[in-house]
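# Starting from these lines, generate the structure:
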Amino acid sequence: MKNKYFPFFVDLSEKQVVVIGAGSIASRRVRTLLSFADHITVVSPEATEEIAGLAAEGKIRWIKEKYSRERLADADLVLACTDHPEVNSDIHAACKCLGIPVNLCNDRTRCDFYFPGIVEKDNVVVGITASGSDHHLARQVREIISSALEKI
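Modelled structure (predicted):
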């Protein structure tokens with residue numbers, strides 16, 4: 001039997017979240033985090049229009065440079081979202097040494113945490129996962145919960 005994931009809710013409002021990479025996966029993760037984290041820094045020489053727009057609006061900080069370990073120094077939470085497995089691996093190793101929880105977009109076996117499907121209504125936040133085994137089922141459950149919360 002596959003391990004089930006324990007739902008763990010954490011206050012990110014004063015935490016430093018660092019995202020290395022600024023492609024489509026990073027954009028999705030940043031979009032999810034915006035409701036929860038006040039201090040999001042994206043490190044990447046280039047970015048999607050969404051990341052660039054969020055930075056221009058002052059919602060996130062975008063550092064337009066390649067990854068370096070120095071960018072992890074003040075991080076409380078790190079997301080490795082590059083297209084380069086060797087860079088993501090280095091981010092993972094550095095975070096492990098520094099005791100920083102890390103999520104790798106290309107290797108779920110080395111993630112300290114996962115991104116659930118999120119449903120929000122007012123102060124109610126619901127996280128949904130099918131433990132990585134059935135994304136379609138998780139999406140269906142998210143839609144059902146979202147619909148139910150709209151009726152409240």
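# Any chance you could list what contacts the biggest helix by length in the chain?
Scanning the chain for the helix with the most residues, using DSSP state H, yields helix 135-150. With contacts defined as CB atoms under 8 Å, 6 or more residues apart in numbering, helix 135-150 is touched by 116-119, 121, 124, 126, 128-130. C-beta here means a position set from N, CA and C on the backbone, and glycine is covered the same way.
# For these, which PyMOL command selects only the ones that are buried?
This is how PyMOL selects the buried members of the contacts of helix 135-150, with burial counted by 16 or more other CB atoms under 10 Å:
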select buried, resi 116+117+119+126+128+129+130
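# Widest-spaced pair of the contacts of helix 135-150?
Farthest apart among the contacts of helix 135-150 by CB to CB are 121 and 130. That separation is 21.4 Å.
# Run a quick neighbour tally on residue 56.
Per other CB atoms under 10 Å, the neighbour tally for residue 56 reads 10.
# so where do the strands sit in this protein?
Counting by DSSP state E, the chain has these strands, from start to end: 16-20, 39-43, 61-63, 77-80, 102-104, 117-121, 124-128.
# so which of the ones you listed is the most packed in?
strand 77-80 (a mean of 26; mean count of other CB atoms under 10 Å).
# Using CSV, list the CA coordinates for stretch 145-152.
The C-alpha coordinates for stretch 145-152 follow below in CSV (Å, rounded to 0.1, in the frame of the first residue of the first chain):
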residue,chain,number,x,y,z
ILE,A,145,-15.7,20.7,-2.4
SER,A,146,-15.5,24.1,-4.2
SER,A,147,-19.1,23.7,-5.3
ALA,A,148,-20.2,22.8,-1.8
LEU,A,149,-18.4,25.7,-0.2
GLU,A,150,-20.1,28.1,-2.6
LYS,A,151,-23.5,27.1,-1.1
ILE,A,152,-22.5,28.2,2.4
